[in-house]
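Student: fold the following and give me the result.
(chains A and B)
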Amino acid sequence: MGQIDYGQVQRTASDLYVRALKLIPPDVTAAIERALEHETKSGARDILQTILKNVRVALDRNLMVCQDTGIPIYKVKIGSNVSVDGTKLEAAIRAGCADACVTHPFRSSICDPLTRQNRPDSTGDHIPVVDFSFAADLDGIEIRMMPKGSGSENMTWMKMLLPADGVKGVKKFVLDCVLRAGGQGCTPSLIGIGVGGTAELAVKLAKEALFRPIGRPHPDERIAALERELLDAINRSGIGPMGLGGDTTSLGVHIETADTHITMNPVAVNSQCWRSERASAHMYADGRIEFGY
Amino acid sequence: MAQFTLATPVTEHDMRQLRVGDSVSLNGVIFGIRDATQRRIFDDGVAPPVDLHGAICLHTAPNVKKEDGRYVPVCIGTTTSTRMERFTPGLIEQYGVRGIVGKAGLGEGSARAMQRYGACYLAIVGGAAALETTQIEAIEAVYWEDLMPECIWQLRVNMLGPLTVAIDAHGGNLYEQVREDAAKRMRDVYRELGLE
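Tutor: Residues are numbered from 1 along each chain as shown, chains lettered A, B, ... in the order given. Down below sits the predicted model:
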């Protein structure tokens, strides 16, 4: 049974926050490059080129891609070959999150919801959001990090549809929401959709869908077909990058589902901006560590 | 679609020559402002401590650090303008602001004030803050430091852009055009998907 080095967890939590703010995942860059190949409007092409130039500048000069340091979210998956003290693990992640903000340094975007008073180090009540899950076949622990930007997080919707509304109701709700948002949330977006579960599970699934690399369809072909259909419909709107017109409104539509109650039909939409910021680390039981996206 | 390079402060003529879809780059001094800055100006009735006539304002709350007592940029990007709609007509009418650099656009009240007084909304590429930071040469002054990071930031810029003229001084509004066009296109899409 491997032992967790909580100091290493803290350093990793800090590194993940900074990596997510500076390194755009390769699947995201590839999706923007593909969009540029197909984009027919010159204004939209200029914006996509500026986006790609920005990604290169951030990399070359070690800069943050966007100024929004987001709401930090950590998703921790724990394998069965490590022994974990959950309270120490959570404390280490929280401390690592604050370290990143204070030592880099970068702007803390976190504030009290009533007084709006700013917190100094990107942490606060219930922030960072830390989720735990477990997997029997995982060696060690896996930490996925997303500093979720507010521009896109503000483009979130949830509705308890009726069972009689069916899948058509889900499609209409998603399209209505995405069209109303226009270019808000920095299009071209990634659209995360949660269908089923309870109200809060639907929203959580919509967020989980944003962690999936762009271009990887849902393994269930029925759901993958729905993803393709909605992406095509959204891009036919002509809203385009930044809402200024074009063929590229979204880079992907990702759907995650859960079973639900016989009298319920919950749907949630959580959008993500073009940078689709995320970073991951796999800490093996033998102490090795591998960073990814 | 023409390309322009403008130096600040700008004139009414500078702004009236721009049309929706044109591309603009800016040189000179611009002022970073945000929600809290404008709540102080308009809700608390405190006049800004700098002259904003002919000014271009950027919707931002920068990441900065202090070196030898001066602020230097870590990362300066642009925030969503739609939240600032209720303040913008006042900035134009009362304080003489001639341009807003932001993302996602502004509402009808701002568009009307822009048409009447000769001002424009210049859309930057949201999220492209690394590039934007390299176009900001210096933070020349910071006013209302107690509102950190939503102070008034006096920034010297070199070829800030490319910016797209998205609302012009002639009633043109690119966001509106795109929205109307999208509504028309989606009627067909909804019909094909059987969603009507």
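
Student: okay, CA-based contacts and neighbour counts for the rest of this
Tutor: Will do.

Student: wait, isn't residue A:76 in contact with residue A:135?
Tutor: No - using C-alpha atoms under 8 Å, residue A:76 is not in contact with residue A:135, being 10.5 Å away.

Student: quick one, which of these two is more surrounded?
Tutor: residue A:76 (22 against 14; other C-alpha atoms under 10 Å in any protein chain shown).

Student: so what strands line up beside whichever strand or helix holds that one?
Tutor: Per DSSP states H and E: residue A:76 is located in strand A:71-79. Paired neighbours of strand A:71-79 in the sheet (DSSP bridges): strand A:129-135 (parallel), strand A:141-148 (antiparallel).

Student: redo the ones you listed as JSON lines? Include distance to residue A:271 and mean pLDDT.
Tutor: Listed next are the strands paired with strand A:71-79 as JSON lines, based on distance: least, C-alpha to C-alpha, whole Å; pLDDT from 0 to 100:
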{"stretch": "strand A:129-135", "distance to residue A:271": "18", "mean pLDDT": "97"}
{"stretch": "strand A:141-148", "distance to residue A:271": "10", "mean pLDDT": "98"}
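
Student: closest one to residue A:8 among those strands?
Tutor: Set against residue A:8 and scored by C-alpha to C-alpha, the strands paired with strand A:71-79 come closest in strand A:141-148, at 11.8 Å.

Student: just the CA trace of that closest one, in PDB.
Tutor: Only the C-alpha atoms of strand A:141-148 are listed here, as PDB (Å, rounded to 0.1, in the frame of the first residue of the first chain):
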ATOM      1  CA  ILE A 141      -4.000   9.300  -7.400                       C
ATOM      2  CA  GLU A 142      -5.000  11.500 -10.300                       C
ATOM      3  CA  ILE A 143      -5.600  15.300  -9.900                       C
ATOM      4  CA  ARG A 144      -7.400  17.300 -12.600                       C
ATOM      5  CA  MET A 145      -7.500  21.100 -12.300                       C
ATOM      6  CA  MET A 146      -9.600  23.700 -14.000                       C
ATOM      7  CA  PRO A 147      -9.300  27.500 -13.100                       C
ATOM      8  CA  LYS A 148     -12.800  28.100 -14.500                       C
END
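
Student: any bit of the helix or strand just after that strand sitting next to chain B?
Tutor: Using DSSP H and E, the helix or strand that directly follows strand A:141-148 along the chain is helix A:150-153. Yes - residues of helix A:150-153 are located near chain B by C-alpha under 8 Å from any C-alpha of the partner chain, namely residue A:151.

Student: what count of nearby residues applies to the residue lying closest to residue B:3 once chain neighbours are set aside?
Tutor: Using C-alpha to C-alpha, 6 or more residues apart in numbering or on different chains and skipping the chain neighbours, the partner closest in space to residue B:3 is residue B:23 (4.7 Å). Neighbour count of residue B:23, defined by other C-alpha under 10 Å: 21.

Student: also residue A:125?
Tutor: 11.

Student: about what we covered before: of all the strands paired with strand A:71-79, which one is nearest residue A:106?
Tutor: Of the strands paired with strand A:71-79, nearest to residue A:106 by C-alpha to C-alpha is strand A:141-148, at 12.3 Å.

Student: contacting residues around the closest one?
Tutor: A:13, A:16-17, A:20-21, A:69-79, A:82, A:272, A:277-285, A:293 (C-alpha atoms under 8 Å, 6 or more residues apart in numbering or on different chains).

Student: again, only this time at 7 Å
Tutor: Here strand A:141-148 makes contact (C-alpha atoms under 7 Å, 6 or more residues apart in numbering or on different chains) with A:16-17, A:20, A:69-79, A:277-284.

Student: hang on, the residue nearest to residue B:3 packs against residue B:4?
Tutor: Yes - here residue B:23 reaches residue B:4: they are 6.2 Å apart, a contact under C-alpha atoms under 7 Å.

Student: poorly predicted segments of the stretch 1-150 of chain A, please.
Tutor: A:1 (pLDDT under 70).

Student: show me which residues of it sit near chain B.
Tutor: Residues of the stretch 1-150 of chain A lying close to chain B (C-alpha under 7 Å from any C-alpha of the partner chain) are A:47, A:51, A:54, A:57-58, A:63-67, A:106-107.

Student: would you turn these into TSV with neighbour count and secondary structure?
Tutor: Output for those, formatted as TSV (neighbours: other C-alpha atoms under 10 Å in any protein chain shown; DSSP: H, G, I helix; E, B strand; the rest coil):
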residue	neighbour count	secondary structure
A:47	23	helix
A:51	25	helix
A:54	24	helix
A:57	21	helix
A:58	23	helix
A:63	24	coil
A:64	32	coil
A:65	31	coil
A:66	28	coil
A:67	29	coil
A:106	22	coil
A:107	25	coil
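
Student: ok, how many other residues are close to the residue of the stretch 151-293 of chain A found nearest chain B?
Tutor: Nearest residue of the stretch 151-293 of chain A to chain B: residue A:237, at 4.7 Å (C-alpha to the nearest C-alpha). Look at residue A:237: counted by other C-alpha under 10 Å, it has 28 neighbours.

Student: so what's residue B:103 up against?
Tutor: Shown in contact with residue B:103 (C-alpha under 7 Å, 6+ apart): B:78-81, B:123-124, B:126.

Student: among these, name the buried ones.
Tutor: B:78-81, B:123-124, B:126 (16 or more other C-alpha atoms under 10 Å in any protein chain shown).

Student: now the most centrally placed residue in chain A, nearest residue through space, not along the chain?
Tutor: Nearest to the mean C-alpha position of chain A, by C-alpha atoms, centre = their mean, lies residue A:210 at 4.0 Å. In this structure, residue A:210 finds its nearest non-sequential neighbour in residue A:192, 5.4 Å apart by C-alpha to C-alpha, 6+ apart.

Student: what is the burial count for that neighbour?
Tutor: Residue A:192: 28 neighbours (other C-alpha under 10 Å).

Student: assign it to helix, strand or coil.
Tutor: strand (DSSP: H, G, I helix; E, B strand; the rest coil).

Student: and the gap between it and residue A:77?
Tutor: Note on residue A:192: its distance to residue A:77, by C-alpha to C-alpha, to the nearest Å, is 21 Å.
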